[in-house]
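Peer 1: got a sequence here, can you model it:
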Amino acid sequence: MAKGQKVVIVGGVAGGASAAARLRRLDEQAQIVLFEKGEYISFANCGLPYYIGGEIRDKSALTLQTPQSFHARFNVDVRVQNEVTKINPQAKTVTVQNHQSGQTYEESYDQLILSMGAAPIKPPISGMESSRVFTLRNIPDTYAIKGFIDERTPKSAVVVGGGYIGVEMAENLKNAGLHVTIVELADHLIAPLDFDMAADLHQYVVSKGISLILKNGVQAVEDTGEGLNVLLQNGKKIGCDMLIMSVGVRPDSQLAKDAGIAVNARGCIVVDEHMRTSEPDIYAVGDAVEITDFVSQNKGFVPLAGPANRQGRIAADNICGINSTYGGTQGSAVLKVFDMTVATTGLNETAAQRAGIAYDKTYTYSASHASYYPGGNMMSIKILWEKDSLRLLGAQIVGFDGVDKRMDVLATAIRLGAKATDLTRLELCYAPPFSSAKDPVNMIGFVAENVINGKMKQFFWHDVATLPRDGSVTLLDVRTNTEVARGMIDGFMHIPLDSLRERIGELPHGKPVYVHCHSGLRSYIACRILQGYGFDCYNLAGGWRLYHTVITGQKAQEYICTECK
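Peer 2: A predicted model of the protein is given here:
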């Protein structure tokens, strides 16, 4: 870009504001105009639920930059409540409506950046116009919900949608003193998780007093004048005082589509790796654009703040003549649910199957720090890797302390093209309050390496029901007597690990042995013993704990649904 060109940016927040700041740092002479149809150019989207729940008490903390502060720092002409209603790529102008004065005017540009974001999906359900029905996407939405709670003192709420925002809203409404029910159409919360990893989350959410209805949706909403009746797809009704719709977002791209800019079938603006659209001198960033999945290389839609910020920077770089490219979206995300932490990156099993990738997987259950140091908590970790190349495809962690830093390590490993076996070689920080000498990331790598090298054969929780009980295989539980007293898997015989060598004669030779313990560690030791005696041994990945959690969760979702309706 020649120095002093005029850049118009449509939309602020993560993508647009980042682009404007980067442009100014690169070119002091550029004329930068930022249009925002709302009142706020840069606010903390991810912090909005926590203001409603009372964790964030100061309204001003939600506003990261004001038009005045942004102009003072970056000399950007910020025009809030000015909505761009039309783009004319041939004339290189935009049509703007000033919502304060009612005036409509034209603004020229040399380069244009579109950062319109995404809008909440509002399904065609009767009753959505009720003043008791809300969505949460921006600061006015936040104030409306908080105002309703403060002024009307509702006792109960239904949250429709169990994604990140839906679960965060459920937590914060509960913290605000409401009885909360989550209604989710899928069979589990947080779509990037696989069901087996979401099972822990389900149990925890219910233990915190939130009702959970899965595999069900909302058919209609009736405002009775004193509250709402929420009619579910199976015909049941839930009474509540307010409802939060959180079923996802759609790209806010109509402006681009009307201008002839290419969009995909979902409505996402199509961009190249430099964030350029199909029209010359027009870039697009943020939640409105189509992304390339970093792992699968498939096209997709992943509305996250981190990618939007990077895309804004990349668009600014290219406008200023720096050859900067966006390397794809990995989908790294973390969620706080009361004291629990849920984190994901890369592909889950559903996405890997959809991409046609042949993969393997494993699980561990590790302490957040040295077991002898007080205050540690366990975390459940799952990784996927490609069978042929061994490259890491994705990771999921559900736990408490230390989940975020382990996921950041795994996300970095995926971004740098690591193999599953490379996790064994990572030298990570260790001190008893923070980790173990073998960090949980190392441990999941050790397990994967044993699988890959053939030192351990696995079977999974979803294989247990179909294992033969006709004596053709041996099913072995090596937990302690105390553990076994809490429950056993049907058909498994019991020999504690520490008695296995002396009781090896009780196992018939020539038959495969399927063995499990609580988490998979002791049963791996059992398998090594058995292999030393000539047995063909298979270890239950994730152990009894994972199996029991998932099977209980499958039953519990029906029980919870019955109790909640």
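
Peer 1: do you know the pLDDT at the residue nearest to His202 when sequence neighbours are not counted?
Peer 2: Nearest non-adjacent residue to His202, counting by CB to CB, 6 or more residues apart in numbering: Gly553, 5.3 Å away. From N, CA and C alone the C-beta is placed, and that goes for glycine too. pLDDT, Gly553: 84.

Peer 1: the one 5 residues further on too?
Peer 2: With respect to pLDDT, Glu558 scores 51.

Peer 1: which of the residues in stretch 297-305 are buried?
Peer 2: 300-305 (16 or more other CB atoms under 10 Å).

Peer 1: end-to-end on it?
Peer 2: Distance across stretch 297-305, first residue to last, is 20 Å (CA to CA, to the nearest Å).

Peer 1: over to stretch 277-285?
Peer 2: 10 Å.

Peer 1: how far does that stretch sit from the chain's center?
Peer 2: 28 Å (CA atoms, centre = their mean, to the nearest Å).

Peer 1: that one - what's its average pLDDT?
Peer 2: pLDDT averaged over stretch 277-285 gives 97.

Peer 1: settle this for me: the residue nearest to His202 is touching Tyr204, isn't it.
Peer 2: No: applying CB atoms under 8 Å, one finds Gly553 not in contact with Tyr204, separated by 10.8 Å.

Peer 1: distance check, the spatially closest residue to Ile269 that is not a sequence neighbour against Ser253.
Peer 2: Once flanking residues are discounted, Ile269 sits nearest to Ala284: 4.2 Å by CB to CB, 6+ apart. Counting by CB to CB, to the nearest Å, the gap from Ala284 to Ser253 is 8 Å.

Peer 1: and the spatially most central residue of the chain, how far from Thr549?
Peer 2: The residue lying closest to the centre of the chain (CA atoms, centre = their mean) is Ala333, at 4.7 Å. For Ala333, the distance to Thr549 equals 22 Å [CB to CB].

Peer 1: repeat for Ala157
Peer 2: Distance from Ala157 to Thr549, by CB to CB: 27 Å.

Peer 1: now do Ser499
Peer 2: Taken as CB to CB, the span from Ser499 to Thr549 is 27 Å.

Peer 1: between those two, who's got more neighbours?
Peer 2: Set Ser499 next to Thr549 and count neighbours by other CB atoms under 10 Å: Thr549 wins out with 21 against 12.

Peer 1: and stretch 104-118, end to end?
Peer 2: 24 Å.

Peer 1: give the rounded mean pLDDT of that stretch.
Peer 2: 96.

Peer 1: which sections of the stretch 1-150 of the chain are below the confidence cut-off?
Peer 2: 1-3, 42-44, 60-61, 63-64 (pLDDT under 70).

Peer 1: among the buried residues of stretch 297-305, which one lies nearest to Gly534?
Peer 2: Gly300 (48.8 Å; CB to CB).

Peer 1: tell me who's in contact with that closest one.
Peer 2: Neighbouring residues of Gly300 by CB atoms under 8 Å, 6 or more residues apart in numbering: 290-293, 329.

Peer 1: go with 6 Å
Peer 2: 291, 293 (CB atoms under 6 Å, 6 or more residues apart in numbering).

Peer 1: bridging residues for it?
Peer 2: Ile291 (DSSP bridges).

Peer 1: same check, this time on Val94
Peer 2: Residues in beta-bridge contact with Val94 (DSSP bridges): Ile87, Glu107.

Peer 1: quick one on the thing from earlier: what helix or strand is the residue lying closest to the residue nearest to the centre of the chain once chain neighbours are set aside on?
Peer 2: Excluding its sequence neighbours, the residue lying closest to Ala333 (CB to CB, 6+ apart) is Thr344, at 5.6 Å. Under the criterion of DSSP states H and E, Thr344 resides in strand 340-346.

Peer 1: other residues contacting the following helix or strand past that strand?
Peer 2: Next helix or strand after strand 340-346 toward the C-terminus (DSSP H and E): helix 349-354. Helix 349-354 has contacts (CB under 6 Å, 6+ apart) with 194, 359, 384, 393.

Peer 1: if you set the cut-off to 8 Å instead, what comes out?
Peer 2: With CB under 8 Å, 6+ apart as the criterion, helix 349-354 contacts 194, 293, 296, 298, 359, 361, 384, 393-394.

Peer 1: identify the residues contacting Asp339.
Peer 2: Neighbours of Asp339 in contact, by CB under 8 Å, 6+ apart: Phe400.

Peer 1: can you list phi and psi of it for me?
Peer 2: phi -100, psi 0 (degrees, to the nearest 10).

Peer 1: quick one, helices of the stretch 1-150 of the chain?
Peer 2: 13-26, 48-52, 67-74, 139-152 (DSSP state H, counting those that start in this stretch).

Peer 1: need those in JSON lines (columns: mean neighbour count and distance to Leu212).
Peer 2: Below are those laid out as JSON lines (neighbours: other CB atoms under 10 Å; distance: least, CB to CB, whole Å):
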{"stretch": "helix 13-26", "mean neighbour count": "25", "distance to Leu212": "31"}
{"stretch": "helix 48-52", "mean neighbour count": "23", "distance to Leu212": "18"}
{"stretch": "helix 67-74", "mean neighbour count": "15", "distance to Leu212": "42"}
{"stretch": "helix 139-152", "mean neighbour count": "15", "distance to Leu212": "21"}
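
Peer 1: the spatially closest residue to Pro251 that is not a sequence neighbour and Gln111: what is the separation?
Peer 2: Counting by CB to CB, 6+ apart, Ala288 is the residue found nearest to Pro251 once chain neighbours are left out, at 4.2 Å. Distance, Ala288 to Gln111, by CB to CB: 17 Å.

Peer 1: the two: which has the busier surroundings?
Peer 2: Ala288 (31 against 23).

Peer 1: partners of Val334 in the sheet?
Peer 2: Ala343.

Peer 1: I figured it hits Lys405, correct?
Peer 2: No: counting by CB under 8 Å, Val334 does not reach Lys405; the two are 10.1 Å apart.

Peer 1: my guess is Arg132 contacts Asp223, does it?
Peer 2: Yes: using CB under 8 Å, Arg132 is in contact with Asp223, at 6.2 Å.

Peer 1: more neighbours: which of those two?
Peer 2: More crowded of Arg132 and Asp223, by other CB under 10 Å: Arg132, with 19 against 15.

Peer 1: ok, and the closest non-adjacent residue to the more buried one?
Peer 2: Per CB to CB, 6+ apart, closest to Arg132 is Met242, 4.9 Å.

Peer 1: and the one you found, how many neighbours?
Peer 2: If we define neighbours as other CB under 10 Å, then Met242 has 23 of them.

Peer 1: phi and psi next, for it.
Peer 2: phi -150, psi 160.

Peer 1: tell me the contacts of it?
Peer 2: Taking CB under 8 Å, 6+ apart as the test, what Met242 contacts is 132-134, 145, 148-149, 152, 154, 156-158, 178, 228.

Peer 1: what do you get if the cut-off is 6 Å, keeping everything else the same?
Peer 2: 132, 154, 157 are the contacts of Met242 under CB under 6 Å, 6+ apart.

Peer 1: and if you look at Thr85?
Peer 2: 95, 97.

Peer 1: one more pass at 8 Å, please.
Peer 2: With CB under 8 Å, 6+ apart, Thr85 has these contacts: 95-97, 104, 255.

Peer 1: quick one on the thing from earlier: quick check: bridge partners of the residue nearest to Ile269?
Peer 2: Leu114.
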